[in-house]
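S.K.: Provide a 3D model corresponding to the input given below.
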Amino acid sequence: MEPILEGLGLAFSLHNMALVMAGVLIGVLFGALPGLSSPLAIALLLPFTIMLEPVSAICMMAALYCAGTFGGSITAILINAPGAPPAVATAFDGYPMARRGEAGRALGIAAVSSVTGGLLSLVVFIVATPLLAKVAVSFRPPEYFALTVFALSMLASISGRSSLRNLIAGAVGVLIATIGTHLGTGIERFTFGFHELTEGVEFVPVLIGLFAVSEMLVQSQTADMALERIKSVVVKLPGREDIRRVAATVLRSSGIGTFIGILPAEGSTVAAIMGYNEAKRWSSRKHEFGTGVPEGIAGPEAANNAATGGAMVPTLALGIPGSGTTALILAALIAHGFRPGPYLIQETPEFVYAIFGAMAVGNVAFLVIGLAGAKVFARITLIPRTFLWPMVFGFSVIGAYSLSGSFFDVWVMLLSGAVGFLMRRHGFGAAPLVMGLILGRMLEETLSQSMIMYDNDWLRLLESPIVCGFFALAALGLAWPAIAARMASRRRRDDE
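M.R.: Residues are numbered from 1 along each chain as shown. This next block holds a predicted model:
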């Protein structure tokens, strides 16, 4: 009981509450602006939070994570311009409802569904994280190696159409993670004579480059969108009839989103699409979807925010990010000197409860801030990119330089931005590369330790049933896109 009270006390301190509110405000703003996102916001904030206490920094980022997921739904509903990928599914029915003159109703349904999904997932988060950590304490290096292989294999299922590209991007991330001095042999690898690389590549400049600089380069090649003017919007919380219609959908989608979030490498976008599809599948009014039905808004909103709480479970309990955004939060923990995983929870349980408190407050806060300022946030989308992106670039350079006072980090950021831009031009995502970068060091370290344990006998890895189980799941993860495509093809033939 004492760690719970201590953790909640940390979360509810005046200083941390101010940071949580700032995180919510930034999250809604970055979520609402097309082209910006919560991962980009966290990447930009990361170097500036190094000076904060670790709990304060992570609480702020966790609140930003929740709020950013909802922020994209505001513009998706009002102007059919999803500010973030998870909000795309919300626009399917949110915008048609707004076009009917019921924008306030659509925003109210979205907000309440999102908050409900987020809070329900936090219940799972606070129960499952300590339990999973207790199990993981018994893991030896072979089990952790197999777990990391499984997590990387899940990159194949982020998007069925680009599973190979995701795996390639993840492999590039793992390769970058090998730069520096090998812990076992002391041999320098891929340093090319730069002494700054002997300790490996710093996460933060790479993250800023991949998310901020590459996005700036992409946006520089597109014209400003002609967005319609926002009419007066009075947000209406769901009435009794709407609550009755969406209650089952919200509960079902919250469960789906939490489960998807817990799976390594999955995230809010996958959860939102599945939430929408399941809402439609269970509805008796399937033909009305796409015309502005409440269930079409509640399903993706409950699922995408439920994924935030679910994604924090493997991030904190295992040190395995549950999504691209939690990979950034994991990088922040590492930058603050922590080693995420079961021992973090064993040694500092109050840390987990502080994050729980911050995310709970963040969910309620974005309901108030997001709805009260919905019209303002939507109008901000009218800011020309010629003003917006130079500011983002300036913050990127300052953030990268401030880490160690070295222009080498700025060059790393610029190079990462160029790489990220080229990757996106050819259909490769930044998130899989970040996952590979974060997990690469764990993969190499646990493999080296396992080989020492087993005298370089690879077959002895299979002596552990847990290792065999993770390898089997990894094989299933790699094969799943092909299996899913075949099942979809068979369903289409049956429908014909």
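S.K.: pLDDT score assigned to R161?
M.R.: On the pLDDT scale, R161 is placed at 51.
S.K.: typo on my end, F203
M.R.: 78.
S.K.: give the contact list for it.
M.R.: For F203, the contacting residues are A331, I334, A335, L437, I438, by C-beta atoms under 8 Å, 6 or more residues apart in numbering. Any C-beta I mention is one placed from the backbone N, CA and C, and that applies to glycine too.
S.K.: do that again at 10 Å, thanks
M.R.: Residues near F203 by C-beta atoms under 10 Å, 6 or more residues apart in numbering: 43, 46, 177, 327-328, 330-332, 334-335, 403, 434, 437-438, 441.
S.K.: now swap in G94 and tell me
M.R.: By C-beta under 10 Å, 6+ apart, the neighbours of G94 are 73-78, 80, 82, 87, 102-103, 106-107, 109-110, 292, 294, 296-297, 300-301.
S.K.: I'd like to know how far it sits from Q219.
M.R.: To Q219, G94 is 24 Å away according to C-beta to C-beta, to the nearest Å.
S.K.: try F70
M.R.: As for F70, its distance to Q219 is 22 Å (criterion: C-beta to C-beta).
S.K.: The two: which is more packed in?
M.R.: The residue with more neighbours, out of F70 and Q219, is F70; 37 against 17, by other C-beta atoms under 10 Å.
S.K.: So the more buried one: helix, strand or coil?
M.R.: Classification of F70 by DSSP: H, G, I helix; E, B strand; the rest coil places it in helix.
S.K.: Next one: it relative to T116, how far apart?
M.R.: Remark: distance between F70 and T116 (C-beta to C-beta) = 12 Å.
S.K.: Any stretches of the stretch 301-450 of the chain with poor pLDDT?
M.R.: Counting by pLDDT under 70, the stretch 301-450 of the chain contains low-confidence ranges at 370, 374-375, 377-385.
S.K.: Please enumerate the helices of it.
M.R.: 324-335, 342-347, 349-372, 374-380, 385-402, 407-425, 430-453 (DSSP state H, counting those that start in this stretch).
S.K.: Return the distance of the helix or strand following the last one from the chain's centre.
M.R.: Think helix 430-453. Next helix or strand after helix 430-453 toward the C-terminus (DSSP states H and E): helix 465-495. Relative to the chain's own centre, helix 465-495 is displaced by 24 Å; criterion: C-alpha atoms, centre = their mean, to the nearest Å.
S.K.: and the angle for helix 465-495 with helix 430-453?
M.R.: Per axes from the mean of the first three to the mean of the last three C-alpha atoms, to 10 degrees, the angle that helix 465-495 makes with helix 430-453 is 140 degrees.
S.K.: What residues of helix 465-495 count as buried?
M.R.: The neighbour-count check on helix 465-495 (16 or more other C-beta atoms under 10 Å) flags I466, V467, F470, F471, L473, A474, G477, L478, W480, P481 as buried.
S.K.: Show the pLDDT at the nearest residue to the third one once chain neighbours are set aside.
M.R.: Pointing back at F470 there. Nearest non-adjacent residue to F470, counting by C-beta to C-beta, 6 or more residues apart in numbering: A146, 3.6 Å away. pLDDT, A146: 90.
S.K.: Okay, now the unreliable bits of the stretch 1-150 of the chain?
M.R.: Scanning the stretch 1-150 of the chain for pLDDT under 70 picks out 1, 34-35, 83.
S.K.: Show me where it has its helices.
M.R.: Taking DSSP H, counting those that start in this stretch, the helices of the stretch 1-150 of the chain run over residues 2-11, 14-32, 38-49, 54-79, 88-99, 103-136, 141-153.
S.K.: now for the ones you listed, which one comes closest to A248?
M.R.: Of all those, helix 103-136 sits nearest to A248, with 11.9 Å by C-beta to C-beta.
S.K.: What residues sit buried inside the closest one?
M.R.: Result for helix 103-136 [16+ other C-beta under 10 Å]: buried residues 103-122, 124-126, 128-130, 132-133, 136.
S.K.: how far is it from where the chain is centred?
M.R.: In terms of C-alpha atoms, centre = their mean, the centre of helix 103-136 is found 14 Å from the chain centre.
S.K.: on that earlier part again, what's the most buried one of the helices of the stretch 301-450 of the chain?
M.R.: Most buried of the helices of the stretch 301-450 of the chain by mean neighbour count (mean count of other C-beta atoms under 10 Å) is helix 324-335; its value is a mean of 25.
S.K.: That one - contacts with which helices or strands?
M.R.: helix 38-49, helix 54-79, helix 203-208, helix 268-282, helix 294-317, helix 430-453 (3 or more C-beta pairs under 10 Å, 6 or more residues apart in numbering; DSSP states H and E).
S.K.: switch to 7 Å and redo it
M.R.: Applying 3 or more C-beta pairs under 7 Å, 6 or more residues apart in numbering; DSSP states H and E, we find helix 324-335 packed against helix 38-49, helix 54-79, helix 203-208, helix 294-317, helix 430-453.
S.K.: now the angle between helix 54-79 and that helix, please.
M.R.: Relative orientation of helix 324-335 versus helix 54-79 (the same axes, to 10 degrees): 160 degrees.
S.K.: ok, back up a step: for the helices and strands packed on helix 324-335, which one sits closest to R491?
M.R.: Proximity to R491 (C-beta to C-beta) singles out helix 294-317 among these, at 20.2 Å.
S.K.: Return the alpha-carbon coordinates of that closest one using PDB.
M.R.: Provided in PDB are the C-alpha atoms of helix 294-317 (Å, rounded to 0.1, in the frame of the first residue of the first chain):
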ATOM      1  CA  PRO A 294     -22.300   7.000 -33.000                       C
ATOM      2  CA  GLU A 295     -20.900   3.500 -32.900                       C
ATOM      3  CA  GLY A 296     -18.500   4.400 -35.800                       C
ATOM      4  CA  ILE A 297     -17.000   7.100 -33.600                       C
ATOM      5  CA  ALA A 298     -17.100   5.300 -30.300                       C
ATOM      6  CA  GLY A 299     -15.400   2.100 -31.600                       C
ATOM      7  CA  PRO A 300     -12.100   3.500 -32.900                       C
ATOM      8  CA  GLU A 301     -11.900   6.200 -30.100                       C
ATOM      9  CA  ALA A 302     -12.200   3.700 -27.200                       C
ATOM     10  CA  ALA A 303      -9.800   1.300 -28.900                       C
ATOM     11  CA  ASN A 304      -7.100   3.800 -29.800                       C
ATOM     12  CA  ASN A 305      -6.800   5.300 -26.400                       C
ATOM     13  CA  ALA A 306      -7.100   2.000 -24.600                       C
ATOM     14  CA  ALA A 307      -4.000   1.000 -26.500                       C
ATOM     15  CA  THR A 308      -2.000   3.600 -24.700                       C
ATOM     16  CA  GLY A 309      -2.500   2.000 -21.300                       C
ATOM     17  CA  GLY A 310      -2.000  -1.500 -22.800                       C
ATOM     18  CA  ALA A 311       1.200  -0.400 -24.500                       C
ATOM     19  CA  MET A 312       2.700   0.700 -21.200                       C
ATOM     20  CA  VAL A 313       2.500  -2.800 -19.700                       C
ATOM     21  CA  PRO A 314       5.300  -4.500 -21.700                       C
ATOM     22  CA  THR A 315       7.200  -1.200 -21.800                       C
ATOM     23  CA  LEU A 316       7.600  -1.000 -18.100                       C
ATOM     24  CA  ALA A 317       7.400  -4.700 -17.100                       C
END
